[in-house]
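J.: below are the sequence and a predicted model; questions follow.
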Amino acid sequence: GENVEQHPSTLSVQEGDSAVIKCTYSDSASNYFPWYKQELGKRPQLIIDIRSNVGEKKDQRIAVTLNKTAKHFSLHITETQPEDSAVYFCAASRSSNYKLTFGKGTLLTVNP
Amino acid sequence: NAGVTQTPKFQVLKTGQSMTLQCAQDMNHEYMSWYRQDPGMGLRLIHYSVGAGITDQGEVPNGYNVSRSTTEDFPLRLLSAAPSQTSVYFCASSLMTGRGYEQYFGPGTRLTVT
């Protein structure tokens, strides 16, 4: 089955800096890669996703890049703000498959 | 449109007790799933269902049962609670987008087994 590794497990940045979270996956047939944000005590919510026929996708301050050859993908947050503080999860699946495999999460802290 | 709802929000059980965590969605999604979330372990799939009458095991199914008699409801049953089942449980339903299956999570149930 699919295995997703996520790094780092914790990340602390100053407000205004950029943050990068990286994930690797094992199943070369995976082609759907979503990222979820979970604020303290809340449910995970989708913030951005990408399919493997696209190398990069941007949504305002958030971007995701994908290297299918190396089987890794990354989340980039620019101009971080305190409200970006949360746990971020990457995930992978085949787009034809219902089942997502999640990474273990990254706790991002943005210090004002 | 309430999305995905879960009850109860909090529950304390004694070892050996049984209970059912409720999950319902009003988005007519075919696919529903249950996850548990433990510190440092991410979200682990317990059971999932691809439609009414169809369920299957995920990564960590032991000690849990599910059934899916309607599209809307997907309850999770703990047969004989153990301290190792102390966790936060999330139900999710999925919508197929052009890219893949986007999951919508419920608010979670925090379960403590003493």
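T.: Yes, it's here.
J.: any idea what the closest residue to A:Leu40 other than its chain neighbours is bridged to?
T.: Excluding the flanking residues, the one nearest A:Leu40 by CB to CB, 6 or more residues apart in numbering or on different chains is A:Ala86, at 7.4 Å. Placement of C-beta: from N, CA and C, glycine included. In this entry, A:Ala86 is beta-bridged to A:Leu108, by DSSP bridges.
J.: do you know the pLDDT at A:Ala86?
T.: The score at A:Ala86 is 97. That number is its pLDDT.
J.: for the one 5 residues further on, same thing?
T.: A:Ala91 carries a pLDDT value of 95.
J.: and for the residue nearest to A:Leu40, the neighbour number?
T.: 21 (other CB atoms under 10 Å in any protein chain shown).
J.: cool, and A:Gln38?
T.: 20.
J.: mind listing what it touches?
T.: A:44-45, A:86-89, A:105 (CB atoms under 8 Å, 6 or more residues apart in numbering or on different chains).
J.: the residue nearest to A:Leu40 against A:Glu39, yeah?
T.: Yes. Contact between A:Ala86 and A:Glu39 holds when scored by CB atoms under 8 Å: they sit 4.8 Å apart.
J.: show me where the chain has strands.
T.: This is for chain A. Shown for chain A, the strands assigned by DSSP state E span residues A:4-7, A:10-14, A:19-25, A:32-38, A:45-51, A:56-59, A:62-67, A:72-77, A:86-92, A:101-102, A:106-111.
J.: sorry, should have said chain B
T.: Under DSSP E, chain B gives strands at B:4-7, B:10-13, B:19-25, B:31-38, B:42-51, B:54-57, B:64-66, B:76-78, B:87-96, B:101-105, B:109-113.
J.: may I see those strands arranged in a markdown table, with mean pLDDT and distance to A:Phe73 as well?
T.: Formatted as a markdown table, the strands of chain B follow (pLDDT from 0 to 100; distance: least, CB to CB, whole Å):
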| stretch | mean pLDDT | distance to A:Phe73 |
| --- | --- | --- |
| strand B:4-7 | 97 | 26 |
| strand B:10-13 | 97 | 35 |
| strand B:19-25 | 97 | 28 |
| strand B:31-38 | 95 | 21 |
| strand B:42-51 | 93 | 16 |
| strand B:54-57 | 94 | 27 |
| strand B:64-66 | 97 | 31 |
| strand B:76-78 | 97 | 31 |
| strand B:87-96 | 93 | 20 |
| strand B:101-105 | 88 | 17 |
| strand B:109-113 | 97 | 31 |
